[in-house]
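S.K.: Take this sequence and fold it.
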Amino acid sequence: MPLFLINSVALRVGGGLAAARSLLSRLPHLDARSRYIVLTSQAAGLESLCGSCAGCHTYPWEHWSRLRQFLFNVITVPRLCHHYKADALFSLGNFPSLRTGCPQLVRFANARYLYPKVTLSLSSSIWQKLRFLIERRYLSASLPSCTIIVQTHTMKNRLQAHFALNRANILVVPNAFDPSRYTDQLPKYFVEIEPRLNNRLPLLCCARAYAHKNLHVFTKVADILEQRSPNTFILITTFAAADSPTAKSLYRQIPNASEYYSGPIVNLGPIAPEHSLVLHRRAWACILPTLLESFSGTYLEAMATARPILTSDRDFAREVCGNAALYFDPLDPCSIARAVMALYESPELWKSLSRAAEHRHRSYVRTWDDVTRDIVTILHRLAARMHDRASGF
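M.R.: Here you go, the predicted structure:
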């Protein structure tokens, strides 16, 4: 019976943690012929999903320094691979481990390392820039020996180009949509402000205020829209002041739900992931001025609710959204406002994008069962190759 070690310790928030939850809840059931041992963070809440696995180790990752996190990946994880005689290691947190003694599958979903100019331009200190360059150097040294799964062909092309990897070792396993994780209950803050929207059309941005999400552009966009078409639109954000070093100043500029009585922009604050789908159903359109992504779940939620998408004219967005989106220059508030006005002034365009979103969701988006089966197949293939080499075949 094969034994696979899964390293998910670095995943604590966001899309990576959601992916880990979806995979870990399915792996033991869809692959009963194998044993899985999971490494996770104490803050991730994944222990309850590991009941059907052969073992689960938790670590206080969020309290460790960057150096200790690095040493965990390069010393502790390889030791565990040798201790358990793992047939393969599945690293979910972007960074491979070294000298594992077994094949390694890496789920690479951090687009920061594939858009270095954007990332460096957003870094607020010399230390951040230096750390980023060191991490990229580590990836250059460690990724060539791994099999890598990415979510889009854009990611595959960029990964191969930036790190000179063998394309045959980079596999595209698209993102998945899991409707069972959502609720129909609206978050209380939206219920409170909805009567005060005064028939404004909600432009929803479900995103944390990380620097690359580029949410600070919304304050200027809101002003431009209010000048061009007063009392027509309401930009709705869902971020916390603690999301990033720059989020605190943005948080002070945008009225929160308890303060909102009128105006073109409001911040609901952070919402639980299960509420995002019902919020999209109440939106007029989804808007995301992001500067880099691997595969944003926001796009999938907009498609699932047949909402038009307004987003950045960047390669990652065009591959995922196709003809279901209207594109703009994310660095130009006037370009964003023009896209919103174009959608508003053409009901036919709104209907066309809505139909395209619905069609794209049906024909393009896969289930987590599909994704999990693909990963199981890859893990068994890697284990078989190792055993063939050990047997001299």
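S.K.: Going by neighbour count, list what's buried in stretch 322-331.
M.R.: Within stretch 322-331, the residues that qualify as buried are Ala324, Ala325, Leu326, Tyr327, Phe328, Pro330, counting by 16 or more other CB atoms under 10 Å. C-beta: built from backbone N, CA, C; applies to glycine.
S.K.: mind listing which of the residues you listed are in strands?
M.R.: Judged by DSSP state E, these include Ala325, Leu326, Tyr327, Phe328 as members of strands.
S.K.: Which of these sits closest to Leu17?
M.R.: Ala325 (25.9 Å; CB to CB).
S.K.: Quick check: the gap between that closest one and Leu98.
M.R.: Ala325 sits 40 Å away from Leu98, going by CB to CB, to the nearest Å.
S.K.: Just the closest of the ones in strands among the buried residues of stretch 322-331 to Pro78, please.
M.R.: Among these, and counting by CB to CB, the member closest to Pro78 is Ala325, at 42.9 Å.
S.K.: show me what contacts the closest one?
M.R.: Contacts for Ala325 (CB atoms under 8 Å, 6 or more residues apart in numbering) come out as Tyr299, Pro308, Ile309, Leu310, Thr311, Ala317, Arg318, Leu353.
S.K.: which two from these end up farthest apart in space?
M.R.: Across those (CB to CB), the longest gap, 15.2 Å, separates Pro308 and Arg318.
S.K.: The two: which has the busier surroundings?
M.R.: Shown here are Pro308 and Arg318; by other CB atoms under 10 Å, Pro308 has more neighbours (23 against 15).
S.K.: Need the nearest residue in space to that one, chain neighbours excluded.
M.R.: Closest residue to Pro308 apart from its sequence neighbours, by CB to CB, 6 or more residues apart in numbering: Leu353 at 3.6 Å.
S.K.: Tell me who's in contact with Arg228.
M.R.: Contacts of Arg228 (CB under 8 Å, 6+ apart): Ala337, Met341.
S.K.: May I see the buried residues of stretch 322-331 arranged in a markdown table, with distance to Gln160 and pLDDT as well?
M.R.: As requested, the buried residues of stretch 322-331 are exported to a markdown table (distance: CB to CB, whole Å; pLDDT from 0 to 100):
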| residue | distance to Gln160 | pLDDT |
| --- | --- | --- |
| Ala324 | 27 | 95 |
| Ala325 | 26 | 97 |
| Leu326 | 30 | 97 |
| Tyr327 | 25 | 98 |
| Phe328 | 29 | 98 |
| Pro330 | 25 | 97 |
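S.K.: Now flag whichever of these is closest to Ser244.
M.R.: Of the buried residues of stretch 322-331, the one sitting nearest to Ser244 (CB to CB) turns out to be Pro330, at 16.6 Å.
S.K.: could you give the mean pLDDT of the longest strand seen in the chain?
M.R.: When the chain is scanned for its longest strand (criterion: DSSP E), the result is strand 35-41. Across strand 35-41, the average pLDDT comes to 89.
S.K.: Same check on stretch 285-292?
M.R.: Confidence for stretch 285-292, expressed as mean pLDDT, is 96.
S.K.: for stretch 203-221, same thing?
M.R.: pLDDT averaged over stretch 203-221 gives 95.
S.K.: Figure out the length between the terminal residues of that stretch.
M.R.: Length of stretch 203-221, first residue to last, CA to CA, to the nearest Å: 11 Å.
S.K.: in that stretch, what's buried?
M.R.: For stretch 203-221, by 16+ other CB under 10 Å, it's 203-218, 221.
S.K.: which stretch of helix or strand covers Ala342?
M.R.: Using DSSP states H and E, Ala342 sits within helix 333-345.
S.K.: buried ones in that helix?
M.R.: Buried, per 16+ other CB under 10 Å, within helix 333-345: Pro333, Ser335, Ile336, Ala337, Arg338, Ala339, Val340, Met341, Leu343, Tyr344.
S.K.: Quick check: nearest residue in space to the first one, chain neighbours excluded?
M.R.: Yep, that's Pro333 we're talking about. Lys220 (3.9 Å).
S.K.: and Asp160, how many neighbours does it have?
M.R.: Rather than Asp, residue 160 is Gln. When neighbours are counted by other CB under 10 Å, Gln160 registers 16.
S.K.: is it fair to say it lies in a helix?
M.R.: Yes. Under DSSP: H, G, I helix; E, B strand; the rest coil, Gln160 falls within a helix.
S.K.: quick one, phi/psi of the closest residue to it other than its chain neighbours?
M.R.: Distances taken as CB to CB, 6+ apart put Arg167 closest to Gln160, at 5.3 Å, once the chain neighbours are dropped. Note on Arg167: backbone dihedrals following degrees, to the nearest 10 are phi -60, psi -30.
S.K.: Can you tell me how far Arg167 is from Ala161?
M.R.: 10 Å.
S.K.: Arg338 too?
M.R.: On the measure of CB to CB, Arg338 and Ala161 end up 32 Å apart.
S.K.: if we can go back for a sec, taking the buried residues of stretch 203-221 one by one, which sit in helices?
M.R.: Using DSSP state H, the subset of the buried residues of stretch 203-221 located in helices is Phe218, Val221.
S.K.: Identify those among the buried residues of stretch 203-221 that sit within strands.
M.R.: Per DSSP E, the buried residues of stretch 203-221 map to strands at Leu203, Leu204, Cys205.
S.K.: Please produce CSV containing those residues, extended by distance to Arg196.
M.R.: Below are these laid out as CSV (distance: CB to CB, whole Å):
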residue, distance to Arg196
Leu203, 16
Leu204, 16
Cys205, 19
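S.K.: And those, which is closest to Arg385?
M.R.: Closest to Arg385, out of all of these and judged by CB to CB, is Cys205, at 44.2 Å.
S.K.: quick one: low-confidence parts of this structure?
M.R.: 12-14, 43-44, 46-54, 388-393 (pLDDT under 70).
S.K.: Perfect, I'm done here.
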